[in-house]
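[1] only geometry, no sequence info:
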DNA sequence: GCAACCTTGACACGAGCGTGTTAGGGTTAC
DNA sequence: GTAACCCTAACACGCTCGTGTCAAGGTTGC
């Protein structure tokens, strides 16, 4: 049995049990359940919780923001719309004259496309 | 002078003057100022405000979320970190089919819509 | 069989978001 | 020179986020 219950998982990940349930509700880390409904955190979930903590602390991000990032990933229309609005920023002639921003934007797209995940399951 | 003051800009964009100031403070649309400090909305800003409104309404996004998207664009390290965490998701079929997080999101929608009686969906 | 866990639900609470409004003071138009 | 605008600052309010805590009830370990 290499699966921990919610309080054990809390102890080894630095979250509180309350937050583990909240994180599950927000859809970011959802452990499987036992027959009786107990949350069972395996190594994958534990790792995920630790890296999530790392991410939030290092970049001062909230759970809701990570959730939004995922929503953008999953909804191509949304991501395109947001990206389009953002890339239209500062289109006043002064800014465009340099031509710098365009290359920057193109690079950005390159990175986005290159980052598309292949949905690896292991 | 094809620049509008804050109330005029509000009238033609569908925002309130209050929101125009709030949007500026959130860093999304910052019009230049007159010598006396008056906000001067030119065609570029007006267009930007209209498309922003469009974006928020069509995709049910908040100003803070658009701000976060921009923050990700501008901070490659942040974007890479978020993307990496999301792409490492161990997607077991159960998690996806349960749809728990989706219901959570939809509940938010329900509550939002319930607060605006004339927009009731039936 | 009972202590120690687990479940969901709820109340609480400070911080931030999205909005209106009001107050006190400067600017513009005519 | 005054009415109608603009500015910032602030109070207010309901909602969401991130947390803790507590209650009522089911499960597990020994």
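    Received the coordinates, thanks. These numbers were taken from a predicted model, which means no experiment stands behind them.

[2] Can you give the distance from stretch A:68-79 to the centre of its chain?
    11 Å (C-alpha atoms, centre = their mean, to the nearest Å).

[3] no wait, stretch A:66-85
    12 Å.

[4] Mind listing residues that contact it?
    Here stretch A:66-85 makes contact (C-beta atoms under 8 Å, 6 or more residues apart in numbering or on different chains) with A:26-28, A:52, A:55-56, A:112, B:48, B:51-52, B:55, B:58-59, B:61, B:65-66, B:68-69, B:72-73, B:82-83, B:85-86. Yep, even glycine has a C-beta here, placed from its N, CA and C like the rest.

[5] ok, the closest residue to residue A:19 other than its chain neighbours - how many residues close by?
    Nearest non-adjacent residue to residue A:19, counting by C-beta to C-beta, 6 or more residues apart in numbering or on different chains: residue A:10, 7.6 Å away. Residues lying near residue A:10 (other C-beta atoms under 10 Å in any protein chain shown) number 19.

[6] can you narrow the contacts of stretch A:66-85 to ones near DNA strand D?
    Among the contacts of stretch A:66-85, the ones lying near DNA strand D by C-beta under 7 Å from any atom of the strand are residue A:26.

[7] thinking again about what came up before, tell me which residues touch the residue nearest to residue A:19, please.
    Contacts of residue A:10 by C-beta under 8 Å, 6+ apart are A:16, A:17, A:19, A:20.

[8] Could you rerun that using 6 Å?
    Shown in contact with residue A:10 (C-beta atoms under 6 Å, 6 or more residues apart in numbering or on different chains): A:16, A:17, A:20.

[9] Just the buried residues of the residues you listed.
    Using 16 or more other C-beta atoms under 10 Å in any protein chain shown as the burial test, those include residue A:20 as buried.

[10] Go back to the contacts of residue A:10 and keep what's next to DNA strand C.
    Counting by C-beta under 7 Å from any atom of the strand, the members of those near DNA strand C are residue A:17.
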